[in-house]
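Novice: Take a look and give me a structure for this.
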Amino acid sequence: MQSILKRNPEFAKNVWLEINTSRLIVMPVVLALIFVVAGALGGDNKYDAISSVAFYVFRIIMMIWAVKPAADSIIDEYNGSTWDWQKMSLIGPWKMTWGKLFGSTIYNWYGAALCIIVILFCRAMTGMLNETVPSLIADIIISVLLQGCAVLSSLMIIRKAKTKKIRGNFLIIIALVIIVLGPFFILGSVESQMKTTWFGLRFGMFGLQSIIGLFYCLWVVAGIYRSLRSELQYTQGIGWWIAFVLSSVVFNAGFIINPMDGILISALLNSLLLACIFCCGLVYVMSILESKEIVDFRLMLHHLKERNIKSLLQIIPLWFVTAIFVFIFGILLCISFALGGELMDSSFTKDIAINGKILPICIIISCLLFMCRDLLVMLLINIRVNKRRAEGSFLIFLAVAYIPTSIIFGIAGAVNPFAPSFSNQPVLLIIYPLVQMVILYFFLASRWKKINAAL
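Specialist: Sure thing, here's the model as predicted:
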């Protein structure tokens, strides 16, 4: 323990809090009882039964149970009024990252290690060890990804906290588990023999889960490190976020682009569309998660007037940076359609094309304008003196603006004035969001002037 304390005091502290003699005894005893019952019920196939149960227990320990202590490693410090003291300690952001991520879940890793030993032994006895290892690696990577997301979300929560105590984070944890595990469960429901390609390289189901999980796991760890640097008052720009967005765009494009195929141009166009959708989703996520204080907006305008670009880039919202990428990819898509490009499913552009490529271009422009309208609504909700439940109000607006209106106007066969639609009236597709943007801009400018006049 002394050597661990010297190398990483944060990790040593969490190990000291999580591990004691009684807990070290309880875990193997409980697991042994579970595996004995599974073996007894398995009969002649006892090794298969035990390994299957061990897999499920491993996932419960690492993907559900471990998420809460990972999140609480930050929340408990904040609620206990020790977070500010910790920020003033000599522990650097990198040591704190690993200490929070793996120290808080050390007991879960202890139980998971026991499960892994049982799984490998039982699968070796049945001659299925080679098939087991890829699945086990994928589960370990996904577990670290989930726990990292929990720590990262906790850092975002305390940054926006207005009270001395944070409660109700259990619902956030449940939502986090569902959102992160959802895509991997969908992949898991696919046939295990199914192969997919990434830049021409073929992967099975577990290989696909591992490569996706590892990529975003590394970025989540980088996000924790960056957030802790911010908490420790280190100056930093937006280079890391630009690297994340661009690397994600290239990574996702790998599942569409196959150098062996002869439709590289169409694949690139599809990759542009995927990049636009991915970045647009990031815009909405970050617009909800990031802090939106009036002081920060005023400081950004001050740096802009003073042409202090370096200071501006250190505080500029990430949703704004990502929105720029959405416009870049959207413009590239419009240019591609104007030059006669078609998606890999060319029937899409052929069915909606009118007067050459006017309609696809208008649909893209309409989507970009609706995104701007939503961001103006977000700013209008947040730029006020009393902005309690601002994120909830924004989510309600998005739900009302997109879900019921799409159903109603879709049944009526008319152009939806409140959400993007695939109508054959290109002029209305642009006019509707543009008019709403202008109205919201005047409301926002008026409110901003009133707030500044009152201060």
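Novice: buried ones in stretch 213-232?
Specialist: 213-217, 219-229, 231 (16 or more other CB atoms under 10 Å). C-beta here means a position set from N, CA and C on the backbone, and glycine is covered the same way.
Novice: surely Ile381 meets Ile396?
Specialist: No. Using CB atoms under 8 Å as the test, Ile381 is too far from Ile396 to be in contact (10.0 Å).
Novice: who has more neighbours, those two?
Specialist: Neighbour totals were compared for Ile381 and Ile396, and Ile381 leads with 18 against 12 (other CB atoms under 10 Å).
Novice: How about the contacts made by that one?
Specialist: Ile381 sits next to 387, 390, 393-394, 397 when contact means CB atoms under 8 Å, 6 or more residues apart in numbering.
Novice: ok, and it, which helix or strand is that part of?
Specialist: Secondary structure assignment for Ile381, by DSSP states H and E: helix 358-382.
Novice: Next secondary structure after that helix?
Specialist: Per DSSP H and E, the first helix or strand lying C-terminal to helix 358-382 is helix 390-412.
Novice: Now do that following helix: everything it contacts.
Specialist: Applying CB under 8 Å, 6+ apart, the set of residues contacting helix 390-412 from outside is 284, 287-288, 292, 374, 377-378, 381-382, 415-419, 421.
Novice: Tell me what angle it forms with helix 358-382.
Specialist: 150 degrees (axes from the mean of the first three to the mean of the last three CA atoms, to 10 degrees).
Novice: Heading C-terminal from helix 390-412, find the next helix or strand.
Specialist: helix 426-454.
Novice: List the buried residues of that next one.
Specialist: Neighbour-count burial for helix 426-454 flags 426, 428-430, 432-434, 436-437, 440, 448 (criterion: 16+ other CB under 10 Å).
Novice: Quick one: those as a markdown table, columns for pLDDT and distance to Phe251 too.
Specialist: What follows is the buried residues of helix 426-454, written out as a markdown table (pLDDT from 0 to 100; distance: CB to CB, whole Å):
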| residue | pLDDT | distance to Phe251 |
| --- | --- | --- |
| Pro426 | 80 | 34 |
| Leu428 | 87 | 37 |
| Leu429 | 88 | 31 |
| Ile430 | 91 | 32 |
| Tyr432 | 92 | 35 |
| Pro433 | 93 | 31 |
| Leu434 | 94 | 34 |
| Gln436 | 95 | 34 |
| Met437 | 94 | 32 |
| Leu440 | 94 | 35 |
| Trp448 | 87 | 39 |
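Novice: State the distance from Trp241 to Ala275.
Specialist: In this view, Trp241 and Ala275 are 15 Å apart by CB to CB, to the nearest Å.
Novice: Settle it for me: which of the two has more neighbours?
Specialist: Taking neighbours as other CB under 10 Å, Trp241 and Ala275 compare with Ala275 leading, 24 against 18.
Novice: just checking, that one touches Gly330?
Specialist: No. At 9.6 Å, Ala275 does not count as touching Gly330 under the criterion of CB under 8 Å.
Novice: Strands of the stretch 101-250 of the chain, start to end?
Specialist: 196-198, 201-203 (DSSP state E, counting those that start in this stretch).
Novice: Can you name the residues that contact Phe297?
Specialist: Ile383 are the contacts of Phe297 under CB under 8 Å, 6+ apart.
Novice: how about a cut-off of 10 Å?
Specialist: Listed by CB atoms under 10 Å, 6 or more residues apart in numbering, the contact partners of Phe297 are 315, 317, 379, 382-383, 448, 451.
Novice: go on, Arg23?
Specialist: 107, 110-111.
Novice: Going by distance to Val53, which of those wins?
Specialist: Using CB to CB, Gly111 comes nearest to Val53 of the contacts of Arg23, at 13.6 Å.
Novice: neighbours around the closest one, how many?
Specialist: Gly111 has 22 nearby residues by other CB under 10 Å.
Novice: same question, Ala267
Specialist: With other CB under 10 Å as criterion, Ala267 counts 18.
Novice: Gln86 now?
Specialist: 16.
Novice: and what of the one 3 residues further on?
Specialist: When neighbours are counted by other CB under 10 Å, Ser89 registers 11.
Novice: same thing with Gly42?
Specialist: 16.
Novice: Thr126 is in contact with that one, correct?
Specialist: No. Between Gly42 and Thr126 there is no contact under CB atoms under 10 Å: 11.3 Å.
Novice: Quick check: neighbours shared by these two?
Specialist: Shared contacts of Gly42 and Thr126, defined by CB under 10 Å, 6+ apart, comprise 48, 51.
Novice: Can I get the contacts of Ile381 in CSV including pLDDT and neighbour count?
Specialist: Shown next, in CSV, are these (pLDDT from 0 to 100; neighbours: other CB atoms under 10 Å):
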residue, pLDDT, neighbour count
Lys387, 69, 15
Ala390, 81, 18
Ser393, 87, 15
Phe394, 90, 22
Phe397, 92, 15
